[in-house]
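**Q** let's see this in three dimensions:
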Amino acid sequence: MFTDQAHAQTQALWDASKRHPFITQLQAGTLPAATFRYYLIQDHHYLHEFGKLHDLAADQSHDPRVVNQLRAGAASLRDGEIAVRQTFFDRLNITPAEVAAVTAAPTCYAYISHIYRALLTAGPAGAVAGLLPCYWLYAEIGQALAGTGSPVPIYQSWIDTYNADDYTGAMHDQLALANYVATPANTDALLAIFKKSSWYELQFWQMALDQEDWSITDANAASAFSRH
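**A** Alright, predicted model coming up:
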């Protein structure tokens, strides 16, 4: 099956995500609050486009099963993960004005661009492949962290989100959809898309630790940039 191939070919990337300092610090309770706050705002930008892509891909599909599952995925995202994230925003006093004032960081922007390009170049099947690592990797991380948990309540709530039955159920629906849309003719393209999304998932953790932005810190690079 497509998902078996995809999982096998990205195992090193996924293992690196699971061992990333963002994740290990979140579990240990040592992740700085400012880092988590940054992550939540950037992930809000990503999830907004992630949800839109479900609907755009559904609009382009003529297969009722694909359309229905993509629409259901978008609804589940709005009612589940995004709704839970809003409770995190409330707990941390992250206001709509603060979110609006922060643009998508370079890595977030690139990841969003990648999933839209997946739809553009490989159609609804490409979008499904591009979206899948976010569903699947987070479920595996949630399951891996559930046994130990985190001493910080909001970090524990984050873990619980991705180990919840409704989330893992939605993830399994997306796995089934990916296997449904994959064909011998498009599998190589879908695997390439899936791998890139998995790479961006890993980079997203580092982006949060670095609190990445669009500033140029190298003086020579800044000088060169200013000439263009």
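**Q** where does the protein dip in pLDDT?
**A** 218-228 (pLDDT under 70).
**Q** one more pass at 50, please.
**A** Residues of the chain that meet the criterion pLDDT under 50 lie in 224-225, 227-228.
**Q** please, where are all the helices along it?
**A** Per DSSP state H, the chain carries helices over the ranges 2-9, 11-18, 21-28, 33-60, 64-79, 81-92, 96-101, 106-146, 153-163, 165-181, 187-210, 219-226.
**Q** how near is the most centrally placed residue in the chain to P184?
**A** Nearest to the mean C-alpha position of the chain, counting by Cα atoms, centre = their mean, stands C134 at 3.9 Å. According to Cβ to Cβ, to the nearest Å, C134 stands 26 Å off from P184. C-betas here are computed from N, CA, C, even on glycine.
**Q** which residues does H45 contact?
**A** V99, V102, T103, A104, C108, I112 (Cβ atoms under 8 Å, 6 or more residues apart in numbering).
**Q** cutoff 6 Å now
**A** A104, C108 (Cβ atoms under 6 Å, 6 or more residues apart in numbering).
**Q** repeat that for L119.
**A** Counting by Cβ under 6 Å, 6+ apart, L119 has contacts A57, G126, A127.
**Q** let's see that with 8 Å instead.
**A** Taking Cβ under 8 Å, 6+ apart, one finds L53, L56, A57, Q60, G126, A127, G130 in contact with L119.
**Q** from P96, how far off is it?
**A** 28 Å.
**Q** what of T161?
**A** Per Cβ to Cβ, T161 is found 21 Å from P96.
**Q** so for the two, which sits in the more crowded spot?
**A** T161 (18 against 8; other Cβ atoms under 10 Å).
**Q** how about the more buried one, what does it touch?
**A** Listed by Cβ under 8 Å, 6+ apart, the contact set of T161 reads E81, V84, G142, Y167.
**Q** ok, and the most crowded of these?
**A** Most neighbours among those, by other Cβ under 10 Å: E81, with 23 neighbours.
**Q** H44 contacts F88, doesn't it?
**A** No. Taking contacts as Cβ atoms under 8 Å, H44 lies outside contact range of F88: 9.7 Å.
**Q** now do the buried residues in stretch 78-89.
**A** For stretch 78-89, a neighbour-count test (16 or more other Cβ atoms under 10 Å) marks G80, E81, I82, V84, R85, F88, F89 as buried.
**Q** now, which of these sits nearest A192?
**A** E81 (26.2 Å; Cβ to Cβ).
**Q** residues touching that closest one, list them.
**A** Applying Cβ under 8 Å, 6+ apart, the residues contacting E81 are L47, T161, Y167.
**Q** what's near enough to touch Q211?
**A** Applying Cβ under 8 Å, 6+ apart, we find Q211 in contact with A34, T35, Y38.
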